[in-house]
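coords please:
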Amino acid sequence: MLSAVGRWYQKNRIKPVKAGLAISRLLRDPDDTGQVFKILEALRGDSLGRALLRMRADEQGAALLKSRPSIIEKLNDRDALLAMPEGSIGRAYYDFVHREGLSADGLIASSEEAPRVNSVGYHERWLGDRLRDIHDLQHVMTGYGRDTLGEICLLSFMTAQTPSRGIDFIIFMGRKKSQKDMPGLPIKDLVAEGRRIGETADWMLLTHWEDRLHEPLSEVRKELGFEAPERYYRALERFKAEIDALPTAA
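Okay, here's the model as predicted:
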């Protein structure tokens, strides 16, 4: 008899046609964030199942699966974030979303455009929601901006941490478009840098971020092994005009 995870693997096969339609729409309108979630859902496969097994094998991960905290309330409490010390994770997060006009609820609204698989268990659903909810927190922890290049590099970080066919596909398409728009851009090296940072840093799904938002960003980065994306920063300086001319990434 198949295990529950095994049955989940069989019911969540990739859907390349749906992914293709979503990527074509995303290329026509890079600000259509809902298409990103449709791509991820269509190509998700067993990625959440594998992440679940990894979480269960770790003491911190097992504790988080048991409590299944939700970070949305804390990330949406802008008064509390603004009251946190300068240089803290929470204050840096506030500055980032305030500057970009974002909100945690905005990601939820975009994700709801993608149909969800009913057979997914509550642990897998919590993992998927957690990955969605900490997206902008990953921007803060890594130092990647919300420019098109920063989003591609962050996706490389993300798929190194939690492998995803959907993210790999978006990176592939983003690399092709960036190379076409900016032929001199070392996009391959920049994507590789994001992957290396993701492989070196602690897995973000193992941290109880709700309890750490008040801590100094620089100290937590050092503790969890986050390297600075130096190549990305240099590319931003060198190709600033070309990058600024591109549409803002989703």
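
going forward, measure contacts between C-alpha atoms and count neighbours the same way
OK.

Distance check, the residue nearest the centre of the chain against Ala57.
Residue closest to the average C-alpha location in the chain (C-alpha atoms, centre = their mean): His135, at 4.1 Å. Distance, His135 to Ala57, by C-alpha to C-alpha, to the nearest Å: 24 Å.

before we move on, what about Phe239?
43 Å.

again, but for Gly150
Applying C-alpha to C-alpha to Gly150 and Ala57 gives a distance of 32 Å.

In terms of neighbours, single out the busier of the two.
Using other C-alpha atoms under 10 Å as the criterion, Gly150 and Ala57 rank with Gly150 on top: 25 against 11.

element containing that one?
Gly150 belongs to helix 148-161 when assigned by DSSP states H and E.

helices or strands next to that helix in the packing?
helix 135-142, helix 165-181, helix 187-200 (3 or more C-alpha pairs under 8 Å, 6 or more residues apart in numbering; DSSP states H and E).

Least confident of those helices, on average?
Per-stretch mean pLDDT for the helices and strands packed on helix 148-161 is lowest at helix 165-181 (a mean of 85).

Please identify the buried residues of it?
165-171, 174-175, 178 (16 or more other C-alpha atoms under 10 Å).

Closest to Gly184 out of these?
Ser178 (9.7 Å; C-alpha to C-alpha).

What residues does that closest one make contact with?
By C-alpha atoms under 8 Å, 6 or more residues apart in numbering, the contact list for Ser178 reads 149, 185, 187.

CA atoms of stretch 220-238 as CSV?
The C-alpha atoms that make up stretch 220-238 are tabulated as CSV, following Å, rounded to 0.1, in the frame of the first residue of the first chain:
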residue,chain,number,x,y,z
VAL,A,220,21.4,36.8,12.0
ARG,A,221,22.9,36.8,8.5
LYS,A,222,26.2,35.8,9.9
GLU,A,223,24.8,33.2,12.2
LEU,A,224,22.8,31.5,9.5
GLY,A,225,25.6,31.7,6.9
PHE,A,226,24.1,34.3,4.4
GLU,A,227,26.9,35.6,2.1
ALA,A,228,26.5,39.0,0.5
PRO,A,229,25.6,38.8,-3.2
GLU,A,230,28.7,40.9,-4.2
ARG,A,231,28.5,40.0,-8.0
TYR,A,232,24.9,41.1,-8.0
TYR,A,233,25.7,44.5,-6.4
ARG,A,234,28.5,45.0,-8.9
ALA,A,235,26.2,44.2,-11.8
LEU,A,236,23.6,46.6,-10.5
GLU,A,237,26.2,49.4,-10.7
ARG,A,238,27.5,48.5,-14.1
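
Give me the contacts around it.
Stretch 220-238 has contacts (C-alpha under 8 Å, 6+ apart) with 141-144, 150, 185, 190, 193-194, 197-198, 200-202, 243.

Most neighbours among the residues you listed, which one?
Result: Gly194 is most packed of the contacts of stretch 220-238 (other C-alpha under 10 Å), 27 neighbours.

Distance of it relative to Ile167?
Look at Gly194 and Ile167: by C-alpha to C-alpha, they are 13 Å apart.

so what sits against both of these two?
Residues touching both Gly194 and Ile167 (C-alpha under 8 Å, 6+ apart): 155-156.

Make CSV from the helices and strands packed on helix 148-161 and add distance to Tyr232 to it.
Shown next, in CSV, are the helices and strands packed on helix 148-161 (distance: least, C-alpha to C-alpha, whole Å):
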stretch, distance to Tyr232
helix 135-142, 11
helix 165-181, 14
helix 187-200, 6
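
closest to Ser67 out of these?
Closest approach to Ser67 among those is made by helix 135-142 (20.3 Å; C-alpha to C-alpha).

Which residues does that closest one contact?
Helix 135-142 is contacted from outside by 89, 92-93, 96-97, 145-146, 154, 217, 221, 226-229, using C-alpha under 8 Å, 6+ apart.

and if you look at stretch 185-203?
Here stretch 185-203 has contacts from 152-161, 175, 178-179, 224-227, 229, 231-232, 235, 239, using C-alpha under 8 Å, 6+ apart.
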